[in-house]
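1. What follows is a predicted structure for the sequence shown.
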Amino acid sequence: MKTAQEALEKLIEGNRRFVSDVQIGNLDACQARRSELVSGQEPFAIILGCSDSRAPAEMIFDQGLGDLFVIRVAGNIVAPSQVGSVEFAAKVFGTKLVVVMGHSQCGAVKATLDELDRPMKNRSPNLRSIVDRIRPSVEPLLETELRNDPDSLLESSIRANIMCAADHLRHGSRTLEFLINRGELLVVGAEYSLESGVVDFFEGMPEPDQ
């Protein structure tokens with residue numbers, strides 16, 4: 001199993017290929033790869049990302065079958081099922097890296113900002129549950145000068161939501177916290193740019209010599 005640092009480097013290199021339009025993946029060997037994976041899997045990274053159709057992790061990082069354990073939910077929120085999924089992959093497969101990946105122009109974050117500005121009376125309780133998980137990370141930003149700049153507010157809110165989700169994983173699970181404290185798991189935050197295709201790993205990154 002790859003170390004967290006090795007997994008990070010593999011993701012970064014894969015994203016470089018994606019941006020440069022020189023993906024390699026493993027589509028040409030799908031049948032053989034499927035056969036290899038029938039008996040088990042060893043994903044080298046866990047990706048908790050948004051369900052937005054424009055942000056498929058395997059394509060963004062130019063990885064193939066069996067490489068990534070991907071959890072997708074609107075707004076890359078962290079609820080008990082997402083925590084349990086991360087725990088499962090970390091414990092059962094020994095995966096050392098978790099990436100919480102949001103993206104620019106996130107509709108779930110925008111919907112949360114809209115809700116805080118103009119609350120809706122008839123919003124679905126299921127949609128409201130997503131908004132309510134994003135709300136604590138973005139609400140404080142409305143008390144700053146960002147409230148006068150909608151574009152900057154959305155950008156900052158997206159990053160705040162990513163950081164909040166990563167922090168939740170680090171401290172909202174005894175299982176994950178135990179692995180992190182033993183140096184057996186790393187949780188980082190990243191933002192995917194819909195415009196450029198670049199993934200910016202901006203939060204929780206290890207020091208270069210680690």
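-> That came in fine, so what should we check first?

2. Show me which residues of stretch 109-127 are buried.
-> Neighbour counts over stretch 109-127 (16 or more other Cβ atoms under 10 Å) mark 109, 110, 111, 112, 113, 115, 116 as buried. Where C-beta positions appear, they are placed from N, C-alpha and C, glycine not excepted.

3. Next, format these as TSV and append distance to residue 144 and secondary structure.
-> Compiled in TSV, the buried residues of stretch 109-127 are given as follows (distance: Cβ to Cβ, whole Å; DSSP: H, G, I helix; E, B strand; the rest coil):
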residue	distance to residue 144	secondary structure
109	16	helix
110	18	helix
111	20	helix
112	16	helix
113	13	helix
115	18	helix
116	13	helix
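
4. and the residue lying farthest from the centre of the chain, what are its phi and psi?
-> The centre of the chain is farthest from one residue, residue 121, which by Cα atoms, centre = their mean lies 30.3 Å away. Here is the backbone geometry of residue 121 (degrees, to the nearest 10): phi -80, psi -30.

5. mind checking how far it is from residue 172?
-> Residue 121 sits 31 Å away from residue 172, going by Cβ to Cβ, to the nearest Å.

6. what sits up against stretch 102-113?
-> Stretch 102-113 is contacted from outside by 49-50, 52, 54-55, 74-77, 127, 130-131, 134-135, 138, 153-155, 157-159, 161-162, 165, 189-195, using Cβ atoms under 8 Å, 6 or more residues apart in numbering.

7. And stretch 67-81, by the same measure?
-> For stretch 67-81, using Cβ under 8 Å, 6+ apart, the contacting residues are 41, 43-52, 57-58, 61, 82, 85-86, 89, 93, 95, 100-102, 106-109, 112, 129-130, 133-134, 161-162, 165, 168-169, 172.

8. I'd like to know which of these are part of helices.
-> Using DSSP state H, 57-58, 82, 85-86, 107-109, 112, 129-130, 133-134, 161-162, 165, 168-169 are the members of the contacts of stretch 67-81 that sit in helices.

9. Number of residues surrounding the nearest residue to residue 195 once chain neighbours are set aside?
-> With sequence-adjacent residues excluded and distances taken as Cβ to Cβ, 6 or more residues apart in numbering, residue 195 is closest to residue 104, at 6.4 Å. Neighbours of residue 104 under the rule other Cβ atoms under 10 Å: 17.

10. quick one: low-confidence ranges for this protein?
-> Counting by pLDDT under 70, the chain contains low-confidence ranges at 25-29, 208-210.

11. who touches residue 131 in this structure?
-> Applying Cβ under 8 Å, 6+ apart, the residues contacting residue 131 are 108, 111, 112, 115, 123.

12. now residue 154: how far from residue 128?
-> Look at residue 154 and residue 128: by Cβ to Cβ, they are 20 Å apart.

13. between the two, which one's more packed in?
-> More crowded of residue 154 and residue 128, by other Cβ under 10 Å: residue 154, with 18 against 13.

14. Tell me which helix or strand the more buried one sits in.
-> helix 150-171 (DSSP states H and E).

15. thought residue 10 was touching residue 44?
-> Yes - with contact defined as Cβ atoms under 8 Å, residue 10 counts as touching residue 44 (6.5 Å).
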